[in-house]
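Enquirer: After the sequence you'll find the predicted model.
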Amino acid sequence: MPDLSGKSAIVTGCASGIGAATLRRLRQDGAEVLGTDIDAAAGSKLCEDTGARFAEQDVSDRACWSRIVGEAVSSFGRLDILVNNAGIVSGASIGDVDDDIWDQVIAINLTGTMAGCRAAIAVMKNNPGGAKGSIINIASTTAIAPLPNDVGYSASKGGVRVLSKSVATWCAQQGFDIRCNTVIPGATETGILDNAEEITPGLKAAVAATSPMNRLANPAETAAAIAFLASDECPFMTGAELLVDGGALSIHPGF
Ligand SMILES: NC(=O)c1ccc[n+]([C@@H]2O[C@H](COP(=O)([O-])OP(=O)(O)OC[C@H]3O[C@@H](n4cnc5c(N)ncnc54)[C@H](O)[C@@H]3O)[C@@H](O)[C@H]2O)c1
């Protein structure tokens, strides 16, 4: 298990699914954690149960980010880890997407991730002992093999992949020991998949069948990859992508 003792972390979208599993995992591995979510009831309950702090946050509200990173630093003395996890699906194809839906999914999934990276780097730069940190952005296999019926979600996640590489290489060029990597989950048993199932009945079974393992991921399996990237176990990994998809994108479509 990665040792995260002495580290402090922010996990967005911590109230359910992959974010909740990540918050639990980072706490188990020894990190202090500030969980954030728009769902204050579920988020604060989980944080209370796990000994984490909670702050209500809409990640798409760019102005709130300095408050969030400031709260982590004032509570824990430093910020080592940011997991940009909060995300939504939009369920609209290029044939029917309207401007409000497009703007919302890009604002949360992509702009929220950018704003998180920007705010985190500004404080990680000033960590006691020098600029150090690990940012993990959560994309999706739809960033590689997009959904025809969700153009905004797929495009936002494609943007997250490239954003992460730009952040990673800029930090390295600045001489900051701040890594930025992407985790690419496949279909995972969470609320977002329940929402997608409502839009496209039968989706869960269909996506489970695309993995040669023929099952959905448990959120804890994705959290394990996030904890690894958050740790000091992989100091030369930056700009990298970890697929956690049960092999779904690694098999020829005919097999
Ligand atoms: N579940 C999957 O199959 C799957 C696959 C690939 C990628 N992902 C990605 O994993 C991440 C987590 O999703 P999940 O599957 O755990 O879904 P989820 O719906 O269970 O959790 C998402 C969390 O984000 C929060 N959230 C939504 N909008 C927010 C906002 N504006 N500000 C702050 N919090 C907000 C929700 O309240 C919720 O707690 C997302 O980025 C998602 O795109 C999920």
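Expert: That came in fine, so what should we check first? Residues are numbered from 1 along each chain as shown.
Enquirer: rest of the way, CA atoms for contacts and neighbours
Expert: OK.
Enquirer: which stretches of the chain form helices?
Expert: All helices of the chain, identified by DSSP state H, fall at 17-28, 40-50, 65-76, 99-105, 112-124, 151-173, 191-199, 203-210, 219-230.
Enquirer: what does the stretch 51-200 of the chain have sitting close to the ligand?
Expert: Counting by CA under 6 Å from any ligand atom, the stretch 51-200 of the chain comes close to the ligand at 57-60, 85-88, 108, 138-140, 185-193.
Enquirer: any idea how far the ligand is from Thr182?
Expert: 11 Å (CA to the nearest ligand atom, to the nearest Å).
Enquirer: and the nearest residue to Asp245 once chain neighbours are set aside, what does it touch?
Expert: In space, and not counting its chain neighbours, Asp245 is closest to Gly186: 4.0 Å by CA to CA, 6 or more residues apart in numbering. Neighbouring residues of Gly186 by CA atoms under 8 Å, 6 or more residues apart in numbering: 140-141, 216-217, 243-246, 248.
Enquirer: will you turn those into CSV that also has distance to Leu79 and neighbour count?
Expert: As requested, those are exported to CSV (distance: CA to CA, whole Å; neighbours: other CA atoms under 10 Å):
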residue, distance to Leu79, neighbour count
Ser140, 25, 25
Thr141, 29, 21
Leu216, 32, 20
Ala217, 29, 20
Leu243, 26, 20
Val244, 26, 23
Asp245, 29, 26
Gly246, 32, 19
Ala248, 34, 21
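Enquirer: Can I get those residues in JSON lines including pLDDT?
Expert: Output for those, formatted as JSON lines (pLDDT from 0 to 100):
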{"residue": "Ser140", "pLDDT": "98"}
{"residue": "Thr141", "pLDDT": "97"}
{"residue": "Leu216", "pLDDT": "96"}
{"residue": "Ala217", "pLDDT": "97"}
{"residue": "Leu243", "pLDDT": "98"}
{"residue": "Val244", "pLDDT": "98"}
{"residue": "Asp245", "pLDDT": "97"}
{"residue": "Gly246", "pLDDT": "97"}
{"residue": "Ala248", "pLDDT": "95"}
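Enquirer: how about CSV for those, with distance to Ser166 added?
Expert: What follows is the contacts of Gly186, written out as CSV (distance: CA to CA, whole Å):
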residue, distance to Ser166
Ser140, 18
Thr141, 19
Leu216, 31
Ala217, 28
Leu243, 19
Val244, 22
Asp245, 24
Gly246, 27
Ala248, 26
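Enquirer: you'd agree Met114 is up against Leu163?
Expert: Yes. Counting by CA atoms under 8 Å, Leu163 is a contact partner of Met114 at 7.3 Å.
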